[in-house]
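Enquirer: turn this into a model:
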Amino acid sequence: MISGVVSLFLLLVAVIVIIVLTGKFKMNAFLVLIGVSFVFGLAIGLPALDVVTGIKNGFGGTLTSIGIVIVAGTIMGTILEKTGAALSMTQAILKLVGKSRAPLAMNIAGYIVSIPVFCDSGYVILNPLNKALAKESGTSMAVMAVALSTGLYATHTMVPPTPGPIAAASALGADLGKVILLGLIVAVPSSLAGLLWATKFAKKYEIEPEVHESYSEIVKKFGALPSTFLSFLPIVLPIVLILLKSVAEFPSKPFGNGSFRIFLSFIGDPVTALILGVLCSLLLVQRGELGRAISEWMGEGIKASAIILVITGAGGSFGQIIKASPITDFIKTNMAGMQLGIFLPFIIAAALKTAQGSSTVAIVTTAGIMAPLLQPLGLDPALTTIAIGAGSMVVSHANDSYFWVVSQFSGMSVNTAYKAYTSATAVEGVVAFVAVFVLSLFVH
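Expert: Below you'll find the model as predicted:
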């Protein structure tokens with residue numbers, strides 16, 4: 001097998017190839033990751049059969065640990081979309097902060113809704129309400145669009161059970177409860193940085209919302225919305241259960257070693273917790289719609305999860321081949337003293353995100369690269385997961401589908417979107433990394 005320095009050089013080449021093929025040539029990320037895994041494995045001198053075995057084991061091992069969780073989370077998000085739970089949660093937030101603080105209300109709504117729902121879908125769901133509030137409050141649509149989109153973006157990239165961060169946590173062996181807790185903490189200043197950018201900078205761009213319905217008309221048209229408690233329950237319950245499992249498994253064993261701890265470990269396992277979340281989401285379905293929800297809506301969720309599953313599995317394959325290379329030993333002896341620390345996963349994810357557009361691809365690929373490097377570099381798996389999520393926000397521009405969702409649904413021109421929205425994602429990602437860095441000084 002070749003030397004560590006040559007392996008590291010070939011890894012750099014592999015990352016550049018991934019960026020070029022997925023970014024410039026728009027090739028499917030699954031095919032690119034699997035293809036690069038084959039070529040990289042052979043290039044570093046692994047026996048051909050070992051390359052095949054590594055790719056299969058990496059793909060299967062990743063989906064074994066995380067596949068059901070991703071499918072369950074996507075199904076839950078779909079049901080929350082279809083039942084109007086997202087609108088119900090937004091109404092509750094509006095009552096709390098008031099329509100006069102419409103940008104803050106939509107920023108908070110985005111922060112909550114995007115924990116189980118993809119940010120693209122979340123923006124589409126909340127956009128009519130966002131426009132109506134912009135009209136009622138006399139606020140520029142540029143402000144409202146940036147406030148909502150950055151709130152959605154923060155938790156989408158850093159808080160499980162969104163598929164990207166949950167896949168990264170699995171690849172890095174991070175405690176999921178710890179990732180959720182720290183991710184929720186880091187997402188607060190990140191989201192608020194986006195809100196501040198919206199209210200102080202994006203307000204320079206006056207965009208009149210194209211409103212066809214008022215706020216009251218939107219609510220009336222939707223009909224009877226689920227209760228606030230039931231709307232929040234499918235999100236809150238799995239998070240609480242996963243956090244309880246993490247606490248139960250502390251070295252100090254606060255709940256002892258008996259049957260209660262075993263019970264908490266069972267219901268707090270991400271698979272169990274997310275399945276319970278899905279069951280809770282069915283309580284949102286109106287009478288007469290349950291059959292449709294189980295057949296059609298759940299089917300939509302499963303279909304939506306397919307692309308995430310294959311990309312996540314392919315990222316696991318790439319990570320497995322990297323683990324089999326001499327890179328880990330080389331870093332142990334040569335690079336651990338370079339003091340890149342938590343900045344390394346952030347900058348890799350930021351480079352991948354900016355170049356090829358998809359936050360999920362950037363998160364999964366970076367996690368695969370970082371998995372064998374955590375121990376040599378002395379990095380905390382949970383903080384590394386969140387640092388990767390922070391990097392995957394920098395920056396959203398024309399190669400990102402979310403950029404077009406935000407710009408087109410809000411009525412922003414491409415030029416304005418670059419100035420108001422893309423700049424906000426850069427600020428948001430950097431603030432998130434600063435928060436991760438501060439936490440790294442205290443959390444080990």
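Enquirer: every contact and neighbour count from this point should use C-alpha atoms.
Expert: Noted.
Enquirer: can you find the helix or strand of this protein with the lowest average pLDDT?
Expert: helix 215-222 (a mean of 68; mean pLDDT, DSSP states H and E).
Enquirer: tell me how many other residues surround K220.
Expert: 11 (other Cα atoms under 10 Å).
Enquirer: likewise L383?
Expert: L383 - counted by other Cα under 10 Å - has 26 other residues nearby.
Enquirer: for the protein, longest helix please?
Expert: Counting by DSSP state H, the longest helix found in the chain is helix 48-83.
Enquirer: pLDDT of that one, averaged?
Expert: If you average the pLDDT over helix 48-83, you get 88.
Enquirer: show me what secondary structure element comes after that helix.
Expert: Using DSSP states H and E, the next helix or strand after helix 48-83 towards the C-terminus is helix 85-97.
Enquirer: figure out how far that following helix is from the centre of its chain.
Expert: 22 Å (Cα atoms, centre = their mean, to the nearest Å).
Enquirer: point out where this structure drops to low pLDDT.
Expert: Applying pLDDT under 70 to the chain flags residues 1, 211-215, 218-219, 221-223, 328, 331-339, 444.
Enquirer: centroid-nearest residue for it?
Expert: Residue closest to the mean C-alpha point of the chain, counted by Cα atoms, centre = their mean, is T157 at 2.8 Å.
Enquirer: can you pull the contacts of that one?
Expert: For T157, the contact set (Cα atoms under 8 Å, 6 or more residues apart in numbering) comprises 164-165, 359-360, 389-390, 392-393.
Enquirer: that one sits in which helix or strand?
Expert: helix 141-158.
Enquirer: got a list of contacts for the helix or strand where A102 lies?
Expert: Following DSSP H and E, one finds A102 within helix 102-113. Here helix 102-113 makes contact (Cα under 8 Å, 6+ apart) with 86, 89-90, 93-94, 97-99, 122-123, 130, 133-134, 137, 143-144, 147-155, 187, 191-192, 195, 199.
Enquirer: just the buried members of those residues?
Expert: Neighbour counting by 16 or more other Cα atoms under 10 Å classes 86, 89-90, 93-94, 99, 122-123, 130, 133-134, 143-144, 147-155, 187, 191-192, 195, 199 among the contacts of helix 102-113 as buried.
Enquirer: for the stretch 201-350 of the chain, which segments count as helices?
Expert: With DSSP state H, counting those that start in this stretch applied, the stretch 201-350 of the chain shows helices at 215-222, 228-248, 259-267, 270-281, 290-292, 298-323, 327-330, 343-356, listed in chain order.
Enquirer: hmm, back to that, just the CA trace of the helix holding T157, in PDB.
Expert: The C-alpha coordinates for helix 141-158 follow below in PDB (Å, rounded to 0.1, in the frame of the first residue of the first chain):
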ATOM      1  CA  MET A 141     -40.700  40.400   1.600                       C
ATOM      2  CA  ALA A 142     -36.900  40.400   1.500                       C
ATOM      3  CA  VAL A 143     -36.900  40.700   5.300                       C
ATOM      4  CA  MET A 144     -39.600  38.000   5.800                       C
ATOM      5  CA  ALA A 145     -38.000  35.600   3.300                       C
ATOM      6  CA  VAL A 146     -34.500  35.800   4.900                       C
ATOM      7  CA  ALA A 147     -36.000  35.600   8.500                       C
ATOM      8  CA  LEU A 148     -38.000  32.400   7.600                       C
ATOM      9  CA  SER A 149     -35.300  30.700   5.400                       C
ATOM     10  CA  THR A 150     -32.500  31.100   8.000                       C
ATOM     11  CA  GLY A 151     -34.700  29.800  10.800                       C
ATOM     12  CA  LEU A 152     -35.400  26.700   8.700                       C
ATOM     13  CA  TYR A 153     -31.800  26.300   7.700                       C
ATOM     14  CA  ALA A 154     -30.300  26.300  11.200                       C
ATOM     15  CA  THR A 155     -32.100  23.200  12.500                       C
ATOM     16  CA  HIS A 156     -32.200  21.500   9.100                       C
ATOM     17  CA  THR A 157     -28.400  21.200   9.000                       C
ATOM     18  CA  MET A 158     -27.600  20.700  12.700                       C
END
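Enquirer: now the angle between helix 102-113 and it, please.
Expert: 20 degrees (axes from the mean of the first three to the mean of the last three Cα atoms, to 10 degrees).
Enquirer: elements contacting the next helix or strand after helix 141-158?
Expert: Per DSSP H and E, helix 141-158 leads on to helix 163-172 as the next helix or strand towards the C-terminus. Using 3 or more Cα pairs under 8 Å, 6 or more residues apart in numbering; DSSP states H and E, the elements in contact with helix 163-172 are helix 48-83, helix 141-158, helix 176-200, helix 298-323, helix 359-370, helix 381-391.
Enquirer: wait, which of those helices is closest to S407?
Expert: helix 141-158 (8.1 Å; Cα to Cα).
Enquirer: report the angle between that closest one and helix 359-370.
Expert: Using the same axes, to 10 degrees: helix 141-158 against helix 359-370 is 30 degrees.
Enquirer: how far does helix 141-158 sit from its chain's centre?
Expert: 13 Å.
Enquirer: ok, stretch 349-369 next?
Expert: Distance, centroid of stretch 349-369 to centroid of chain: 11 Å (Cα atoms, centre = their mean).
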